[in-house]
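Enquirer: Dropping a prediction and its sequence here:
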Amino acid sequence: MSILELLSWQWQGYPRYHRARINLLLHLIVVPVFLLGNVILLVAIAQRSWIVAGLAVGAMVSSVALQGAGHRREPVPPELFKSPLDAVSRLMCEQWVTFPRFVASGGWLQAWRSAD
């Protein structure tokens, strides 16, 4: 699947997998943590600051773990990852493109308002 196909697939199903308020709130808080962790990781690697790199990876892993906990509250569970490459590509696309687009388009607010 190409990146464009992946983004289209994610976008089409995104509202279905993001309906529970706790999950919506967790995403709003921890997706920026993941993104910041990505940026800090790249800078830390460039500067050979391995402790900072480890902390950045820890922030990213924690973010994904908290998002996973949020998804366990959803009425429709997310699609399972098919491989490690599928996991990485889906996570990176969701964090950097699909979730920010969901927020910017008003989808997050609409989901929040319609949640129980």
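Expert: Thanks, I have it. Numbers count the residues shown, from 1 in each chain.
Enquirer: C-alpha only now, for contacts and for neighbours.
Expert: Fine.
Enquirer: Spell out, range by range, the helices that occur in this structure.
Expert: Listed in chain order, the helices of the chain (DSSP state H) span residues 3-17, 21-46, 50-71, 84-93, 99-104, 107-114.
Enquirer: Run through who's touching stretch 102-116.
Expert: Around stretch 102-116, the neighbours that count as contacts under CA atoms under 8 Å, 6 or more residues apart in numbering are 14-15, 18-21, 24.
Enquirer: wait, what's in contact with the closest residue to residue 50 other than its chain neighbours?
Expert: Closest residue to residue 50 apart from its sequence neighbours, by CA to CA, 6 or more residues apart in numbering: residue 44 at 6.6 Å. Counting by CA under 8 Å, 6+ apart, residue 44 makes contact with 50, 52-53.
Enquirer: which residue packs closest to the residue nearest in space to the middle of the chain, ignoring adjacent ones?
Expert: Compute the mean C-alpha point of the chain, and by CA atoms, centre = their mean the closest residue is residue 95, 3.8 Å away. Residue nearest to residue 95 in three dimensions, not counting chain neighbours: residue 31, with 6.1 Å by CA to CA, 6+ apart.
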